[in-house]
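S.K.: Sequence and predicted structure are below.
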Amino acid sequence: MSSGVPFTIMKPNGLNDGEPAKKEILVAHDDQGWNAMNPNTEFINRADVVRLMVYAALNPEKAKGLRFDVTSKRLFGTPTTDVSKVFAAAEYPWDSRKSHEVVV
């Protein structure tokens, strides 16, 4: 991260197989968004991680410099179809790109 090379780091809490855009994607920082004992989170589908990686590659101005944890909501979530909201939610509050609060 200190090399000056642009980066985006996504840290899934674990990977599942399954169809993309069927679960709500949750983001957090420093493992604060969930824990292994939380019954309402589960591993994120590989296909959703791919969706996030493709978005980051195609939209470097919105993803550059972000480092965040990512997982899926197990129950009662609204499927995340617009992954741009994931990146907006992953911004730290002091990030100058953040113009408003976004709930994923």
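M.R.: On my side now, so go ahead. Numbering: from 1, shown residues only.
S.K.: how about low-confidence regions in the protein?
M.R.: In the predicted model, the chain carries pLDDT under 70 at residues 33-37, 93-104.
S.K.: Okay, now the sheet partners of the top strand by length along it, with direction.
M.R.: For the chain, the longest strand by residue count, based on DSSP state E, is strand 66-73. Neighbouring strands of strand 66-73 in its sheet, by DSSP bridges, are strand 8-12 (parallel), strand 25-28 (antiparallel), strand 41-42 (antiparallel).
S.K.: and the longest one, which residues are buried?
M.R.: Buried positions in strand 8-12, judged by neighbour count with 16 or more other C-beta atoms under 10 Å: T8, M10, P12. Any C-beta I mention is one placed from the backbone N, CA and C, and that applies to glycine too.
S.K.: dump the residue contacts of the residue nearest to D17 when sequence neighbours are not counted.
M.R.: Distances taken as C-beta to C-beta, 6 or more residues apart in numbering place R46 nearest to D17, at 6.3 Å, with adjacent residues excluded. With contacts defined as C-beta atoms under 8 Å, 6 or more residues apart in numbering, R46 is in contact with L15, N16, D17, G18.
S.K.: out of the residues you listed, who's nearest M53?
M.R.: When the contacts of R46 are compared for distance to M53 (C-beta to C-beta), L15 wins out at 12.6 Å.
S.K.: residues touching that closest one, list them.
M.R.: F43, I44, N45, R46, V49.
S.K.: Could you do R67 as well?
M.R.: R67 neighbours (C-beta under 8 Å, 6+ apart): M1, F7, T8, I9, K11, H29.
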